[in-house]
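1. sequence first, predicted coordinates after that:
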Amino acid sequence: MANPVLTMEGISKEFPGVKALEGVDFELYPGEVHALMGENGAGKSTLMKILSGVYAPTNGIIRLKGEEVVFRNPLAAQHQGVSIIHQEFNLFPNLSAAENMYIDRPEIAGRFGWLSWSKMYREAQQLVDSIGGGGIDVRKEVRHLGVHSQQVIEIAKALSFQADVLIMDEPSAALPENEVQKMFEVVERLKAQGVAIVYVSHRMKEIFEIADKVTVLRDGRKIATRNISEVTEQSLIRMMVGKEVSQLYPVRPFQQRKETVLQVKQLSLDAAHAVSFQLHKGEILGLFGLPGSGSHTIACRLFGLAKGTGEIGINGKPVQINSPAEAKEMRIAYVPPDRHRQGIIKPLSIRSNLALPILRDLSEGGRLNQEKIKKISQYYMDRLHIKSPNDLQSVDFLSGGNQQKVVIGKWLASKPEILILEEPTRGVDVGAKAEIYNIIHELAQNGLSILLISSEMPEIIGLSDRILVLHKGEFVHEFGHGEADQEQLLKRASNPRLVEGDAV
């Protein structure tokens, strides 16, 4: 076996009052994909921030190609051959792909120190082509490129620093299901070129498809490193959470629901497409479609974030919803797909975030009733099992799963009758997923009507009472309870004309 390209020995990291990592060892070999797994808060992000130069370790040694190294900042790590691709793309939309790859890079200068545009475009195109992005024109502005193409540009940008080690943080989170395979093809090309890849993901299916090895962290400690052939999904979950998660999706016995809570007729998604559907009391209605199919637009229209035509009825009465405030008055709540930008205010405390949608109800004589706020905050922390020393903790310091529970909790505090959940477990580890699934199940059992929008097919299938499939702004199929499987779901969402009997 070749020598490791990277060795991390005894890595520890302490923050005031918190030991994030303790004595972690990690090895990475050329041309391998090494998955790093663990629940949110296990230490994955801290370890990768140390490797990429964001943090300095409290203790421990990093060796790159056998030489001890110290990364004083991310740029220093990049120049020494360690690059990271973040879950959220870090690209300037109004610059070309090539400009994004070589921005602030003196080595691309031509004679007399002037920028050599021809050299930049040539080298950028060669690099993009080398990893399978031959269909991408690097002269195009990034805003005109698809999500997969943007990811290829991010990878090429990282490789332009002559990277030996590439860290991919939740690389499929922004990709539709049908483009994940394209990303895997890029990863295979990188492996063939000898690039060593650290692959951080919560998605089990991907780990077993792309990884050669897996290392599991729990509570800041390394639990094990195994060849991927030596583990199963259940054994990985057991290592991650320290116990069996035998039933990820709660059992939902079939129940005929007749009471209609939400009636939608010809709700416009764009100039050419409109949809109609019903949501019943206590029902979890799943909406599934590929990006651009219209599911996000449905959520925005129902919550007053987008305008259009059509009829909306709640409990048999026609309503007009032109703003989120009006939606809230109609007892509709919306958990958006991006909790960081749309769901929480990270610097604020758990208590403040939970109180945001109901501040008017918590004020008396123009002043907030702090005792009421504290009582409500403690109730939802207990009910949703939000893990934190207290409710005055900044949400920024919570794990992804606990942040998502805060988003759900703040809208439950508004006492909704209809809850729209869009990507409710994006970027959440398997243990927190199981907890959130149980919360969703319990809410429906208690009579809350839920519209579930998710790009994760197992999630849609595992939670929904019914599933409506969208294709280019139209409902093309309805699956009853227990009828859907992933193959049929994807077929109907991607090309319903090939499936006999579907509406088109």
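-> All right, it came through fine.
2. next SSE downstream of the helix or strand where Leu267 lies?
-> For Leu267, the host element (DSSP states H and E) is strand 260-268. Using DSSP H and E, the helix or strand that follows strand 260-268 towards the C-terminus is strand 274-280.
3. how far off centre is that following strand?
-> Remark: strand 274-280 is offset 27 Å from the chain centroid, using Cα atoms, centre = their mean, to the nearest Å.
4. show me what that strand is in contact with.
-> Residues outside strand 274-280 that contact it (Cβ atoms under 8 Å, 6 or more residues apart in numbering) are 257-269, 285, 294, 298, 309-310, 418, 449, 451, 468, 470, 473-475. The way it works is simple: take the backbone N, C-alpha and C, and place the C-beta from them, glycine included.
5. show me what the helix or strand harbouring Pro458 is packed against.
-> Assessed by DSSP H and E, Pro458 sits inside helix 457-463. Applying 3 or more Cβ pairs under 8 Å, 6 or more residues apart in numbering; DSSP states H and E, one finds that helix 457-463 contacts strand 284-288, helix 430-445, strand 449-453, helix 486-494.
6. okay if I get those as CSV plus distance to Ile332?
-> CSV is the format used below for the helices and strands packed on helix 457-463 (distance: least, Cβ to Cβ, whole Å):
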stretch, distance to Ile332
strand 284-288, 14
helix 430-445, 14
strand 449-453, 9
helix 486-494, 25
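7. turn these into JSON lines, including distance to Ser352, mean neighbour count and mean pLDDT.
-> JSON lines is the format used below for the helices and strands packed on helix 457-463 (distance: least, Cβ to Cβ, whole Å; neighbours: other Cβ atoms under 10 Å; pLDDT from 0 to 100):
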{"stretch": "strand 284-288", "distance to Ser352": "30", "mean neighbour count": "26", "mean pLDDT": "95"}
{"stretch": "helix 430-445", "distance to Ser352": "21", "mean neighbour count": "20", "mean pLDDT": "87"}
{"stretch": "strand 449-453", "distance to Ser352": "26", "mean neighbour count": "24", "mean pLDDT": "96"}
{"stretch": "helix 486-494", "distance to Ser352": "39", "mean neighbour count": "17", "mean pLDDT": "82"}
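8. and those: which comes nearest Glu99?
-> Among those, the nearest to Glu99 by Cβ to Cβ is helix 486-494 (33.4 Å).
9. helices or strands up against that closest one?
-> Against helix 486-494 (3+ Cβ pairs under 8 Å, 6+ apart) you get helix 457-463, strand 466-471, strand 474-479.
10. what's the angle between the strand holding Leu267 and strand 274-280?
-> 170 degrees (axes from the mean of the first three to the mean of the last three Cα atoms, to 10 degrees).
11. which SS class is the residue nearest to Ile11 when sequence neighbours are not counted?
-> Residue nearest to Ile11 in three dimensions, not counting chain neighbours: Gly60, with 3.7 Å by Cβ to Cβ, 6 or more residues apart in numbering. Here Gly60 is strand, with the state taken from DSSP: H, G, I helix; E, B strand; the rest coil.
12. surely Gly60 and Gly10 touch.
-> Yes: the pair Gly60 / Gly10 is scored as a contact, 4.4 Å apart, by Cβ atoms under 8 Å.
13. closest one to Asn94 among the helices and strands packed on helix 457-463?
-> Nearest to Asn94, of the helices and strands packed on helix 457-463 and by Cβ to Cβ, is strand 449-453 at 29.6 Å.
14. mind listing what the residue nearest to Ile11 touches?
-> Per Cβ under 8 Å, 6+ apart, neighbours of Gly60: Met8, Glu9, Gly10, Ile11, Ser12, Gly23, Val24.
15. take those and keep only those in strands.
-> Residues of the contacts of Gly60 located in strands (DSSP state E): Met8, Glu9, Gly10, Ile11, Ser12, Gly23, Val24.
16. in TSV: the residues you listed, plus pLDDT and distance to Ala327.
-> Converted to TSV, these look like this (pLDDT from 0 to 100; distance: Cβ to Cβ, whole Å):
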residue	pLDDT	distance to Ala327
Met8	96	49
Glu9	96	54
Gly10	96	53
Ile11	96	47
Ser12	96	48
Gly23	95	50
Val24	96	46
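17. just give me the closest of the residues you listed to Glu68.
-> Taking the ones in strands among the contacts of Gly60 together and measuring to Glu68 by Cβ to Cβ, the closest member is Glu9, at 9.7 Å.
18. what's the neighbour count on the closest one?
-> Around Glu9 there are 15 other residues, counting by other Cβ atoms under 10 Å.
19. chain neighbours aside, what residue packs nearest to it?
-> Leaving aside its chain neighbours, Glu9 sits nearest to Ile61 (4.8 Å; criterion: Cβ to Cβ, 6+ apart).
20. gap between the one you found and Asp25?
-> Note on Ile61: its distance to Asp25, by Cβ to Cβ, to the nearest Å, is 10 Å.
21. repeat for Asp429
-> 22 Å.
22. looking at these two, which is more packed in?
-> Between Asp429 and Asp25, Asp429 has the larger neighbour count (other Cβ under 10 Å), namely 22 against 13.
23. sorry, back to before: lowest average confidence across the helices and strands packed on helix 486-494, which one?
-> Note on the helices and strands packed on helix 486-494: helix 457-463 shows the lowest mean pLDDT, a mean of 89.
24. pull out the buried positions in that helix.
-> Of all the residues in helix 457-463, those buried under the rule 16 or more other Cβ atoms under 10 Å are Met457, Glu459, Ile460, Ile461, Gly462, Leu463.
25. cool, and stretch 211-227?
-> 211-218, 220-223, 226.
26. now swap in stretch 361-370 and tell me
-> Residues Leu362 are the ones in stretch 361-370 that count as buried (16+ other Cβ under 10 Å).
27. same thing with stretch 285-302?
-> Within stretch 285-302, the residues that count as buried by 16+ other Cβ under 10 Å are 285-290, 293-302.
28. okay, now Glu283: neighbour count?
-> For Glu283, the neighbour count with other Cβ under 10 Å is 24.
29. surely it and Ile450 touch.
-> Yes: Glu283 is within contact range of Ile450, at 7.1 Å (criterion: Cβ under 8 Å).
30. overlap in contacts of these two?
-> Contacts common to Glu283 and Ile450, judged by Cβ under 8 Å, 6+ apart, are Ala444.
31. if we can go back for a sec, quick one, which of the contacts of Gly60 are buried?
-> Met8, Ile11, Ser12, Val24.
32. just the element for the closest residue in space to the first one that isn't next to it in sequence, please.
-> Nearest residue to Met8 in three dimensions, chain neighbours excluded: Phe26, at 4.2 Å (Cβ to Cβ, 6+ apart). Element membership of Phe26, judged by DSSP H and E, is strand 18-28.
33. so which elements touch that strand?
-> Packing contacts for strand 18-28, counted by 3+ Cβ pairs under 8 Å, 6+ apart, involve strand 6-15, helix 44-51, strand 221-227.
34. quick check: which of these is nearest to Ile321?
-> Judging these by Cβ to Cβ, what sits closest to Ile321 is helix 44-51, at 38.2 Å.
35. buried ones in that closest one?
-> Lys44, Ser45, Thr46, Leu47, Met48, Lys49, Ile50, Leu51.
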